[in-house]
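# Pasted the sequence and its predicted model underneath.
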Amino acid sequence: MVGAVLHQEWLLGGRRNRLYLFRWVYAAWLIVLVFYGYVHCTNEQSSRLSGRIVNNTSSFLDRASMPEVVGQWFAESFVFQQMLLLVLLTPAFVAGAITDEKRRGTLQYLLTADLESRHIILGKLLGRVAQVALVAIAGLPLFALLAGFGGVQPATVLAVVVALIVPLFALASATLLASVWCRQTRDAVLALYVLGTIGGLAVWYFQGFLNYLNPLYVVAPAWGTWKSLELGELSRRLLVSSLCWGTFGGVCLAVAVWRLRPVYRNELEGVRPQTVRWYSGTRLPVRDEPIRWRERHVEGLAPGPQLRRIPQWLGVSVVALLTLGSSLLILFLSLPSSVKIGDLILALARFQPARLTVLLPDAGDGFLVQGLVVMLLASLVVGIRCSGAITGERERQTWEALLLTPLTAKQLIRGKLWGIMGASYVYLLAYAAPAIVLSVFGGVVSLFWVLLWLAVTVLAMYYIGAAGLWCSVRSRNSWRALLGVMAAGYAGGLALYSCSLIIIFPAALLVGAILAAIDRQMGTQLSTAATPFFSIDHRVFFILTCLGLAFIFWLMARMFLHQTLRWVADRERTRHWHDEPIYRRSRRRPAKATQNP
């Protein structure tokens, strides 16, 4: 009975245009990579012939011809490209195998049919893995051609296929398990990406036996001529790697088959009332804005139901401790060896900001980077929550009930946005309190960067949250909405910021010239008040960049909110209430009044 589910997955996968789009995009990327390798090798050879590179140990330039050079370089790069492609695409393609059935309400029909859980899981696994494989094999013709020019041995090609296909099976099995446990595709994909990142960092840091989980380490003995191939070492690495990945994938697949029916049955029965724990806090009473209260005190800032079980006080404590540790680390690393701790404490006790700036010259850069990282993380969390604000209601089949209430579209949309942002304020306060206090040790520059990037962070959260609601109201599921947030929010914001540099850079030069002129006329030190280590144009450019980002965030957020309100009011509501503005414009022109003769 696996064939029925497999045939259905193949049929649905063949109708999706994204599969063909990804294949064309990946093939185009590999062609660009070939041209880059040709240009790189040509420049390196030209530099060597001109005498600019005397001692060159590169093995590429010792080849007989340029096709052989580019072919060898591309063959080695292709393995990394395939591994990265499988890591990124497998969760995105496989995570919706079960969660999409839950969202459409068709999983219950599959479970009541003459199908066992293993038939459903295996059919979904083979069908989704086949879609990933169709994208991956788009580069095989180019790889076969250039590998032949580069002198890659057939044993190397076989080793690459084996080293990649077993991790593909294991990663797909782990993604299916996440799809069984999670309600939304977005939660399953994010869980796999987070766990995969942690696992990759563990393999890179600890190495040792964990290197057998790295395909690049496994196929390392396969490169070279036939005489230089270490077939014994290659076989041993392939065997150990296949056993490790196969065991992991088999366990995940078995658990997915075992827990499919119980997990879905519990989801259909609804959420059981949770008992009040000693570590959980009490909620504030419901006020005049129920949507805002629900998003802030019930849903919270956590993007998944598992993270919502963590009490707020524990999350705030973790954020405060991480900020305290990172700020202390910044101060410790920026303290020169010639400066003593007593001098720093004395300057702080006498409240000498200029002296602190001299004692810790690099602290401002550290707090600047810390503020930038906090802005990215805070906006990402708010974007994830807002991307599922509307699609989550649709998947729970509660959005229509909200639309039938007397709440206006403005109350619905803005209530969700300000409720989610309100849930983040306590975490921002947990970051700001230790960061501001410890930035005083770094001088005026450190304190300035912390305060400035804190304000930019609030506006960035406002912008990404508005973009998330705009994508959520237009998308079918939370995963597509999250991809839209990444494209419209981050990529769009970066594009707008790049365009604004045309205005920011001349403005920085103008402000710097004005400050320098004031210094010459009045004898002040405005141009050197912040730090003596940056030129005036550089410092003013940084400040105007932050102000430009803040203005872009505010302007784009207002636009996204307006478009979201129009979408809900014009296409989602069944009627307009008396106090709700009508955004729809009449397509008919009003008839001109005729004058009586």
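Yep, that arrived. Residues are numbered from 1 along each chain as shown.
# where do the helices sit along the stretch 1-150 of the chain?
Remark: helices assigned in the stretch 1-150 of the chain by DSSP state H, counting those that start in this stretch are 2-15, 17-50, 66-94, 96-104, 107-112, 117-136, 140-150.
# Okay, buried residues for whichever helix or strand comes after the last one please.
On the C-terminal side of helix 140-150, the nearest following helix or strand under DSSP states H and E is helix 154-181. Judged by neighbour count using 16 or more other C-beta atoms under 10 Å, the buried positions of helix 154-181 are 156-157, 159-160, 162-164, 166-181. For the C-beta atoms, the positions are set from N, CA and C on the backbone; glycine is no exception.
# Now render the helices of the stretch 1-150 of the chain as TSV, adding distance to Tyr217, mean pLDDT and mean neighbour count.
TSV is the format used below for these (distance: least, C-beta to C-beta, whole Å; pLDDT from 0 to 100; neighbours: other C-beta atoms under 10 Å):
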stretch	distance to Tyr217	mean pLDDT	mean neighbour count
helix 2-15	32	80	14
helix 17-50	22	79	14
helix 66-94	11	83	20
helix 96-104	30	85	22
helix 107-112	39	85	15
helix 117-136	20	88	20
helix 140-150	20	79	17
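# Could you dump those into JSON lines with distance to Tyr431 added?
Written out in JSON lines, the entries for those read as follows (distance: least, C-beta to C-beta, whole Å):
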{"stretch": "helix 2-15", "distance to Tyr431": "44"}
{"stretch": "helix 17-50", "distance to Tyr431": "38"}
{"stretch": "helix 66-94", "distance to Tyr431": "30"}
{"stretch": "helix 96-104", "distance to Tyr431": "33"}
{"stretch": "helix 107-112", "distance to Tyr431": "41"}
{"stretch": "helix 117-136", "distance to Tyr431": "39"}
{"stretch": "helix 140-150", "distance to Tyr431": "47"}
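# nearest to Arg236, of those helices?
Arg236 lies closest, by C-beta to C-beta, to one member of these: helix 66-94, at 18.8 Å.
# I'd like to know which elements the closest one is packed against.
In terms of contacts (3 or more C-beta pairs under 8 Å, 6 or more residues apart in numbering; DSSP states H and E), helix 66-94 is packed against helix 17-50, helix 117-136, helix 140-150, helix 154-181, helix 185-206, helix 215-218.
# out of those, nearest to Leu328?
In terms of C-beta to C-beta, the element of the helices and strands packed on helix 66-94 nearest to Leu328 is helix 185-206, at 22.7 Å.
# what's the closest of the helices and strands packed on helix 66-94 to Val5?
Ranking those by their distance to Val5 (criterion: C-beta to C-beta) puts helix 117-136 first, at 2.6 Å.
# I'd like to know which elements that closest one is packed against.
Checked by 3+ C-beta pairs under 8 Å, 6+ apart, helix 117-136 has helix 2-15, helix 17-50, helix 66-94, helix 96-104, helix 107-112, helix 154-181, helix 231-269 packed alongside it.
# let's go with 7 Å and repeat that
helix 2-15, helix 17-50, helix 66-94, helix 96-104, helix 154-181, helix 231-269 (3 or more C-beta pairs under 7 Å, 6 or more residues apart in numbering; DSSP states H and E).
# What angle do helix 117-136 and the second one make with each other?
In other words, helix 17-50. Helix 17-50 and helix 117-136 meet at an angle of 40 degrees, taking axes from the mean of the first three to the mean of the last three C-alpha atoms, to 10 degrees as the criterion.
# could we number from 102 for the rest of this?
Will do, 102 is the new start, and the previous item becomes helix 118-151.
# so where do the helices sit in the stretch 352-501 of the chain?
In chain order, the stretch 352-501 of the chain shows helices spanning 391-394, 413-435, 442-450, 454-460, 464-488, 492-496, 500-504, with DSSP H, counting those that start in this stretch as the criterion.
# okay, those helices in TSV with mean pLDDT next?
What follows is the helices of the stretch 352-501 of the chain, written out as TSV (pLDDT from 0 to 100):
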stretch	mean pLDDT
helix 391-394	87
helix 413-435	86
helix 442-450	66
helix 454-460	63
helix 464-488	88
helix 492-496	85
helix 500-504	86
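# ok, now which ones touch the closest residue to Gly104 other than its chain neighbours?
Leaving aside its sequence neighbours, Gly104 sits nearest to Gly224 (C-beta to C-beta, 6 or more residues apart in numbering; 7.5 Å). Contacts for Gly224 (C-beta atoms under 7 Å, 6 or more residues apart in numbering) come out as 103, 106-107, 110.
# List phi and psi for Val253.
Phi and psi for Val253, reported as degrees, to the nearest 10, are phi -80, psi 130.
# And for it, the neighbour number?
Applying other C-beta atoms under 10 Å, we find 24 other residues in the vicinity of Val253.
# Identify the residue spatially nearest to it, adjacent ones excluded.
Taking C-beta to C-beta, 6+ apart, and ignoring the residues beside it in sequence, Val253 has Ala176 as its nearest neighbour in space, at 4.9 Å.
# Surely that neighbour touches Gly251?
Yes. Between Ala176 and Gly251 a contact is recorded at 5.0 Å, counting by C-beta atoms under 7 Å.
# out of the helices and strands packed on helix 218-237, nearest to Ala534?
Go through those one by one with C-beta to C-beta and the one that ends up closest to Ala534 is helix 255-282, at 35.9 Å.
# coming back round to it: look up how far Leu296 lies from the residue nearest to Gly104.
Between Gly224 and Leu296 the distance is 25 Å, computed by C-beta to C-beta, to the nearest Å.
# With Trp414 instead?
Using C-beta to C-beta, one obtains 26 Å as the distance from Trp414 to Leu296.
# what do you get for Ser540?
When distances are taken as C-beta to C-beta, Ser540 and Leu296 turn out to be 34 Å apart.
# Of these two, which one has the most company?
In terms of neighbours (other C-beta under 10 Å), Ser540 is the more surrounded of Ser540 and Leu296; the figures are 26 against 13.
# Can you tell me the closest non-neighbouring residue to that one?
Ser547 (4.1 Å).
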